[in-house]
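Colleague: dropping the sequence and predicted coords here.
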Amino acid sequence: MVAKITMPITINRALNYNEQKVQKGKAKCIGEGNILLPASCMNFYQKLDVFESRNKLNERAQTKTIHISLNFDPSENHSTQKLNLIAAAYMDRIGFGEQPYLIYQHHDAGHPHIHIVSTTIRSDGSRIPTHNIGRNVSEPARKEIEEIFALVPASKQEKTKEYILQPIDIEVAHYGYSETRRSIANITSQVLDNYNIISLPAFNAVLKQFNVIADEGKENGIIRKHKGLQYRLLDESGNKIGVPIKASSLPSQPTLVTLEKKFATNRKNRDRHVQSLKDILDQTLKKKPIRMSQLTALLLEKKVVTVLRTNAEGRTYGITYVDHLNKAVINGSELGKEYSIAGLKKQFNQTIKQLPKGTSILNLLTTEKSLQTDLLDSLLHPDWEAEQTPYELRKRKKKENDNH
């Protein structure tokens, strides 16, 4: 069994996701915990009221919702009763045994799995701590439950091959193909729920890879003057198309105010993401790339996309790393001088000077463009399509577009 935990911005988002699956016949609400009425007797608004009433007991907490998926081996076929018992045992062991929660069984992936929606707010208004809950609490709980219920264990090899969350599993939004508002709502929510992002430019660095942008409007325009925010679709060339969608009209309400709160929370959990990316870069730079395009291709193998920042004159002045493996967006300057544009160019030049005499630099670089395209395509469209975490949208092909 593999457990995946996310912290959605709102309970509405998590509940909507599962209820929409139910309406499409792709999921079923199979149980509840610590809720007076049976789930089968409650409509959407009654379910929502259960959680919203509890969340109102704590106005200060920024993250009040927890969304869990428990994923089982494809060979396993558990009864509804057993799935409810597994869910109850898991919730109890991670400290949520007395919290209200709903259990949904999904049927839209290549392996059996359930989703659990709950709140982090206790009946006395206090909040259950969730910092490092996956590593410190969920992992021990998972191992214990595997033994109790005789489940197929999530060994390291199995995790690597099948169960680890794919780098990107969100459908790229296409104007005229997907309904604009719904596409944008799902993409923005999934990025905010899963990526450690601490600024609007960093947010856009990820969104642009899915043909979406969070737009503040013109420099002296009305939207920016009133601190508004709207979301737009982008065409293959990065141009804005379609009707603008106000942030306040989306289910998760990803307005500037909401984003700033999310960014503040993410800053507290930044260190491990920075160190993980440094480790990836250090390993990659040991392969002695001699120019930026070569480094970009090597990083794509590690599920890291580079976004170069250029000024009006076309001069590159900065670099942003979108780490899809560890789910973080980090500027080179935040990592250290050696990872900035200037620092990387210095390392490239040193490597070139150390090349044996007679080495053809042209031959070293002839396959870079096709390599980068193939790697980016595999990153955005992994072969394994089984759903690991609540991603409403599926994948469609797009051309490489990582400008920022």
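Modeller: Alright, I've got the coordinates.

Colleague: quick one: least confident helix or strand in the chain?
Modeller: helix 156-158 (a mean of 41; mean pLDDT, DSSP states H and E).

Colleague: at which residues are the strands of the stretch 301-404 of the chain located?
Modeller: 304-310, 316-323, 328-331 (DSSP state E, counting those that start in this stretch).

Colleague: same list (those strands) but as JSON lines, adding distance to residue 257 and mean neighbour count.
Modeller: For glycine as for every other residue, the C-beta is placed from the backbone atoms N, C-alpha and C. JSON lines is the format used below for these (distance: least, C-beta to C-beta, whole Å; neighbours: other C-beta atoms under 10 Å):
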{"stretch": "strand 304-310", "distance to residue 257": "26", "mean neighbour count": "20"}
{"stretch": "strand 316-323", "distance to residue 257": "24", "mean neighbour count": "20"}
{"stretch": "strand 328-331", "distance to residue 257": "20", "mean neighbour count": "24"}
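
Colleague: can you flag the weakest of these by average pLDDT?
Modeller: Among those, strand 304-310 has the lowest mean pLDDT, at a mean of 89.

Colleague: isn't there a strand covering residue 264?
Modeller: No. Looking at residue 264 with DSSP: H, G, I helix; E, B strand; the rest coil, it is helix, so not inside a strand.

Colleague: kindly provide the distance from it to residue 251.
Modeller: Residue 264 sits 22 Å away from residue 251, going by C-beta to C-beta, to the nearest Å.

Colleague: which of the two has more neighbours?
Modeller: residue 251 (19 against 11; other C-beta atoms under 10 Å).

Colleague: the more buried one and residue 10 touch, don't they?
Modeller: Yes. If you go by C-beta atoms under 8 Å, residue 251 and residue 10 touch, sitting 7.1 Å apart.

Colleague: the following helix or strand past the least confident helix or strand of the chain - contacts with which helices or strands?
Modeller: Sequence-wise, the next helix or strand downstream of helix 156-158 (DSSP states H and E) is helix 180-194. Counting contacts by 3 or more C-beta pairs under 8 Å, 6 or more residues apart in numbering; DSSP states H and E, helix 180-194 is packed against helix 200-207, strand 212-215, strand 230-234, strand 240-246.

Colleague: which of the ones you listed sits closest to residue 148?
Modeller: Nearest to residue 148 among the helices and strands packed on helix 180-194 is helix 200-207; the distance by C-beta to C-beta comes to 38.6 Å.

Colleague: can you list contacts of the closest one?
Modeller: Contact with helix 200-207 is made by 187-188, 191-192, 195, 197, 213-214, 216, 256, 259, 307, 320, 322, 329-331, 404, as judged by C-beta atoms under 8 Å, 6 or more residues apart in numbering.

Colleague: re earlier: so can I have TSV of the strands of the stretch 301-404 of the chain showing distance to residue 44?
Modeller: Below are the strands of the stretch 301-404 of the chain laid out as TSV (distance: least, C-beta to C-beta, whole Å):
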stretch	distance to residue 44
strand 304-310	37
strand 316-323	35
strand 328-331	33
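
Colleague: any low-confidence regions in the protein?
Modeller: 155-179, 355-404 (pLDDT under 70).

Colleague: 50 instead?
Modeller: Low-confidence segments of the chain, defined by pLDDT under 50: 156-169, 177, 360-375, 377-378, 380-404.

Colleague: let me see the domain layout of it.
Modeller: 2-163, 180-267, 271-380 (automatic domain parsing).

Colleague: state the distance from residue 212 to residue 327.
Modeller: 17 Å.

Colleague: which one of those two has more residues nearby?
Modeller: For residue 212 versus residue 327, neighbours defined as other C-beta under 10 Å are more numerous around residue 212 (24 against 19).

Colleague: surely that one is in contact with residue 234?
Modeller: Yes. Judged on C-beta under 8 Å, residue 212 makes contact with residue 234 at a distance of 6.6 Å.

Colleague: against residue 54, how distant is residue 118?
Modeller: 9 Å.

Colleague: joint contacts of the two?
Modeller: residue 100.

Colleague: and those two? Which one has more around it.
Modeller: Neighbours of residue 118 and residue 54, each counted by other C-beta under 10 Å, are more numerous for residue 118; the result is 25 against 21.

Colleague: how distant is the helix or strand containing that one from the center of its chain?
Modeller: Using DSSP H and E, residue 118 maps to strand 113-119. Its chain's average C-alpha position is 17 Å from that of strand 113-119, according to C-alpha atoms, centre = their mean, to the nearest Å.

Colleague: packing partners for it?
Modeller: Under the contact rule (3+ C-beta pairs under 8 Å, 6+ apart), strand 113-119 is packed against helix 11-23, strand 27-33, helix 44-55, strand 65-71, helix 80-93, strand 101-106.

Colleague: for those, which one sits closest to residue 229?
Modeller: helix 11-23 (17.2 Å).
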